[in-house]
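Student: predicted model and sequence below, questions to follow.
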Amino acid sequence: MALIKVNLLRGTEEQMRNFLQQFAKRFVRKEKSSIAFKVLFADFKKSLELNNQILDIIGDANDKLSGDYIFDEHYIHTTCEQLTGLLRELIVTINHLTSQKYPGLFNSFHRIEEDLTLILQGKVLSQDIPLTLPYSEITRDHIDAVGGKNCHIAEIGSYLGLRIPRGFAITTSAFELYWKAGGLGEPVARIKEQWLGEKLSLSEASLKIQELIFKTPVPDILEKAILAAVTEVVGKDGPCEPCFAVRSSALGEDGVTSFAGQYQSCLSISPDQISGAYKQVVASLYSQQAMEYRLKKDFRPEEIMMAVACQLMIPAKVSGVMYTYDPLRPEDETILISSAWGLGEPVVSGAVPTDHFVLERKPPHKVIEMQIVCKDESMVITEHGGPTSAPVREEQRMEPSLKARQLHDMAEIGILLERYFRAPQDVEFAIDQAGQIVLLQSRQLQLYYDRPPRASDLSGLDGRYPVLLRGKGVAAMEGVASGPIWILEAGKDLADFPMGAVLVARYASPQLAKVIHKAAGFITDIGSTTGHLATVAREFRVPALFNTGDATTILNDGCEITMDIECLTIYEGQVSELGHYSLQEEVIEDMFEYRQLRRILRKIEPLNLVDPESDNFSPEHCKTYHDLTRFIHEKAVEAIIDIGFYHAHHRDTQAGKLLWEYPLDLVIIDVGGGVEGEHTKGVLAEEINSVPMQELLRGMSWPGVWDMTPSRVDVNSFMSSLTRTVPIQNSSPQDVGRNLAVISSEYTNINFRLGYHFTVIDAYISENILDNHLYFRFSGGVTDTVRRSRRIKLLGVILSYYDFLCETHGDTMVARLKRMDRKSMLKRLFLLGLLVAFTRQLDVKMINDARIDQYFKEIQTIMEESNDD
Amino acid sequence: MTIEQTSILILDDEPIVSKRLKPSLEKKGYEVETFTRSSEALQRVTERQFNIVITDLKMEGMDGMQFLTEVKELNPDTEVIVMTGFATMATAKESYNKGVFDFLAKPFKLGEIFEVIAKAEKKIKRLER
């Protein structure tokens, strides 16, 4: 597929070249001085092409994480090569276009490229990461630096908003330092080789490596960093003798069942004991089970790293453990909770008797069993911070250690964690002195089926459960999910979306991402797997089925369903066979290729340069390929407009202000047959010969288009908010804004630029269907995000309806259309004209979701009217 | 179940391919065996017949083209589906010449291979009749 894709891309480049050659031919008779502009204009067009190609490939690569594809390492390599090649070409192009104005782009590019090369070699990058990181600073992107456990507990705090202990991670940078300073790499590799060569048994190899680690001291610099982190985390209001839990947080540990409990945890550790505990935890990286497990999971040597979690121990009133399934009888659909008074250590290790509760998994999580034991002793933290064993007060001994409310809250938290981490969870928690639930750890729970679910259980499902929908839609994220349907329709507010429901909506709008933590799954009538919601669904592993066409009409609100995305099937009812089968399936996203693709994408996909007006919008601040692409696009447009402006009066590139009944402050540059006659004082709308431009202007000036908004806006004031009128002759292009159209008889590239609001239309219309394309990009706005997102949604609704392929990235909407006949293309250009005029004012008016439908209908009416002409 | 299961052998030296395909195909009711080494897969096809063989082309040791040639020689009724990350017209042509049923360029969607398998199954059923 990859190779074929390249060929296709080459194809479009070729078309591009032909197209540009046509341009060149037209200019043969003209003077030499103008060639520069034509060449530069070709650069500009090329940069746009490259930009589109790069963004397409990035989108496709993310789509591979949906689980719906068979891909291998080779794909990851070729994708990187492709992107790197295109990026290099793009940087050369922008520098050509701007007379080498941005050499700094090469530096950023090479930095990223080098990182990519290292990642492709299997390396996990931890450069630039400090030796320790406090939980408050850890984000999802740090997973390779802080390990799964640290990252997940920090995510539980920041993404899910639940209480977690104060703490910090000792990162993989620290591990690398320790490993290097102690010279451990070589001897450990040798022992491992002996094990794999069957010269040493697993237990001998494990023991030898662990001995080596125990003998290796923690470097001073690391010891100091740890103590500094302790001081920061404890703060002024912390205990005077802080007490830590030091736990493993190895790479790939938390997502995976078999790792659970294989590594060391050290509890009640004082600050000066942390480095000793650190060594113990690191040594457990080479426990027998861990070594064997990594072999099975195809861990590369470079991936074997241990980060460590240091958490301030909670002076717990109650401690407990929750299993979101009964591991021995998962079919029972129950949640198990055991708890006792005081600190967690004796509760977790089973040293004290615990109360035992069984709750139903399904809300409202009825307690179906309760065993209260006599709790004589508990471990508590003394005033000085150290732990000690103390007798439990007489009246508390037979009292349940958790109240009904707390049990219910824990069950809800359990389901939330399970949904977030896409697997049954084993959760450690504490109730602090204020009675609040604090989560200490959440990891995957291994289930043991009496009779493991088999694929054959799934045959005949159709006879047992009604099939509501089959064979429709595309998988944005694979998986199985059950829950009641909640249809987003007029009059409903996303804020009311209930926990655990399946969200069904007409469009895969980015605003649906707001309920990602609550949703069991997503189903939409319309939506693309490379769009924003799809990316978010993959990031949070929420099963998502898009583009079903009519799910909103087929499915009923409140109806309990089970979706099996792999089979593009939606069943009525809770299909427990599917649920259990998928629970014991190996999580494909934990495989090496997925890990590698995610690491690669972290260097490619995130967009850090969002605001062109901000100081960090510079080559040096480009951290990803997307940043570079975005920066270059912005500068290419800027450059062509500057050039167009200063060359405005070359005879062969006629340029002039559009003289129109609407004060649209637009400078037009004609590069071939776009304008009739010679002009020195401006171009009349009637003199424009450019087919796409004519159609755009027709749309923009359609009678009544301005009056559609509920509060009437008079044409002049509206248009002046659309454009800024500045006399052209005595101002620089920056002042004029960037309202500029580059046109020829068949081509139009138009840029409207005002403050933070930016519209680009790029259109080529000819009799040759294959060459026809439309590109529409709309971004920015001045109102609040909700209204802006409604506006984007409206655009998406309209443009999708008229067959555009729409992609939304935050505030930016990109809509593309290719290969339609001339008539259909013109109709859609007219639509874009309408939208350009219409949407400027629109974000202010988007006060509720109902407006989306209203405006959509109005636009449809105009489109029908205009067609009758 | 009265209908006999369609048997499928998958050979790809990258374990992720089999790991992804096996459970999905089993869920659809197929009987699936997977291999990452061509020698072992070849051994297996001499022991029993599969209705469908899905193989990668570029592998360490015996390559896929050689493997599928042997498979076809052993059991001309076995339908072979090729999947490869190095799709060129030449390899596609060569595969078809060897009697390959269909050719999938990696990466591909699960739905695509489901479809191809279903078509191959239809052909097999038709021939049996």
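Tutor: Right, received. Where do you want to start?

Student: what number of residues lie near the residue lying closest to A:Lys362 once chain neighbours are set aside?
Tutor: Nearest non-adjacent residue to A:Lys362, counting by Cβ to Cβ, 6 or more residues apart in numbering or on different chains: A:Glu333, 6.9 Å away. All C-beta atoms are positioned from the backbone trio N, CA, C, and that covers glycine. By other Cβ atoms under 10 Å in any protein chain shown, the residues close to A:Glu333 number 15.

Student: please name the bridge partners of A:Ile335.
Tutor: Beta bridges link A:Ile335 to A:Leu359 when assigned by DSSP bridges.

Student: quick one: residues contacting it.
Tutor: By Cβ atoms under 8 Å, 6 or more residues apart in numbering or on different chains, the contact list for A:Ile335 reads A:Met322, A:Tyr323, A:Thr324, A:Tyr325, A:Val358, A:Leu359, A:Glu360, A:Arg361, A:His365, A:Met410, A:Ala411, A:Gly414.

Student: would JSON lines of the residues you listed with pLDDT, secondary structure and neighbour count be doable?
Tutor: Conversion of the contacts of A:Ile335 to JSON lines gives the following (pLDDT from 0 to 100; DSSP: H, G, I helix; E, B strand; the rest coil; neighbours: other Cβ atoms under 10 Å in any protein chain shown):
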{"residue": "A:Met322", "pLDDT": "97", "secondary structure": "strand", "neighbour count": "25"}
{"residue": "A:Tyr323", "pLDDT": "96", "secondary structure": "strand", "neighbour count": "20"}
{"residue": "A:Thr324", "pLDDT": "96", "secondary structure": "coil", "neighbour count": "28"}
{"residue": "A:Tyr325", "pLDDT": "95", "secondary structure": "coil", "neighbour count": "25"}
{"residue": "A:Val358", "pLDDT": "97", "secondary structure": "strand", "neighbour count": "16"}
{"residue": "A:Leu359", "pLDDT": "97", "secondary structure": "strand", "neighbour count": "22"}
{"residue": "A:Glu360", "pLDDT": "96", "secondary structure": "strand", "neighbour count": "15"}
{"residue": "A:Arg361", "pLDDT": "92", "secondary structure": "coil", "neighbour count": "17"}
{"residue": "A:His365", "pLDDT": "93", "secondary structure": "coil", "neighbour count": "19"}
{"residue": "A:Met410", "pLDDT": "97", "secondary structure": "helix", "neighbour count": "25"}
{"residue": "A:Ala411", "pLDDT": "95", "secondary structure": "helix", "neighbour count": "25"}
{"residue": "A:Gly414", "pLDDT": "95", "secondary structure": "helix", "neighbour count": "26"}
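
Student: report the buried residues of stretch A:768-777.
Tutor: Using 16 or more other Cβ atoms under 10 Å in any protein chain shown as the test for burial, stretch A:768-777 gives A:Asp771, A:Asn772, A:His773, A:Leu774, A:Tyr775, A:Phe776, A:Arg777.

Student: and the contacts of it?
Tutor: Applying Cβ under 8 Å, 6+ apart, the contact partners of stretch A:768-777 are A:15, A:19, A:48, A:52, A:758-766, A:799, A:804, A:812-822, A:825, A:828-829, A:832, A:835.

Student: hang on, the earlier thing: just checking, the residue nearest to A:Lys362 touches A:Gln574?
Tutor: No - when contacts are counted by Cβ atoms under 8 Å, A:Glu333 is not listed as touching A:Gln574 (9.1 Å).

Student: longest helix of the chain?
Tutor: Going with chain A. When chain A is parsed with DSSP state H, its longest helix is helix A:35-63.

Student: switch to chain B, that's the one I care about
Tutor: Assignment by DSSP H gives helix B:110-128 as the longest helix of chain B.

Student: no further questions, thank you.
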